[in-house]
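Participant: Build me a model:
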Amino acid sequence: MDLQDRIINHFSDSIQTQQETMNGLCELIEYASNRLVAALLNDKKILACGNGASATTVQLLAAAMLNQYEINRPALPVIALNTDAVTLTAIANHYHFDEVFAKQLRALGQSGDILIVYTDGKHSNNIAKTINAAHDKDISVIALTGNNGGMISPLLDETDIEIRVPSMSSSHIQEIHVMVTHCLCDLIDHQLFG
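Facilitator: Numbers count the residues shown, from 1 in each chain. From the prediction side, this is the model:
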């Protein structure tokens, strides 16, 4: 296989994953946006976290909500739990890396807030602990996952939403997480600001 064939395969696989996600998860993405809008209208906030490449999608979400997505509008309250290197390393050093998001959520989260977690479906002990901490504080979870849902899916309860990308490829899962995040930002703006 030559290099151009590899490029074509990357694009083709990504397009197929996008199609499968669009066909299978449209209603769930709409439902997630409705839940986020309801929380924001009730003066609640969104907290979000993810590891590695997923952390960049969290930052994308926070920037789009705190600043703007595509229209000029008031800032919306989103806290990215993975952006403060000093806090992350302090918690990891004094406690454990599994606590880096959960400890922040316990301090910042309030009943009625929503936690959005991003994971490609592999082992994410710190995400799992954060979901448990959210449930302890009556905070519902929107989990963007992939693969088979990994250790995250079994932790979700009836008030939570899982948007599971139908792929085993971490890179394609992450690409779709960005697309779903763009959809959520657009739907929130449309519902709140027309």
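
Participant: Quick one: find the helix or strand in this protein with the lowest mean pLDDT.
Facilitator: Across the helices and strands of the chain, mean pLDDT, DSSP states H and E gives its lowest value to helix 85-94, namely a mean of 92.

Participant: tell me what that helix is packed against?
Facilitator: In terms of contacts (3 or more C-beta pairs under 8 Å, 6 or more residues apart in numbering; DSSP states H and E), helix 85-94 is packed against helix 102-108. Yep, even glycine has a C-beta here, placed from its N, CA and C like the rest.

Participant: Please give the centre-to-centre distance between the next helix or strand after the helix it packs on and its chain.
Facilitator: Where DSSP states H and E defines the elements, the next helix or strand beyond helix 102-108 is strand 114-118. Relative to the chain's own centre, strand 114-118 is displaced by 5 Å; criterion: C-alpha atoms, centre = their mean, to the nearest Å.

Participant: in the lengthiest helix in the chain, what's buried?
Facilitator: The longest helix of the chain (DSSP state H) is helix 3-41. For helix 3-41, the neighbour count (16 or more other C-beta atoms under 10 Å) marks 14, 17-18, 21, 25, 28-29, 32-33, 35-37, 39-40 as buried.
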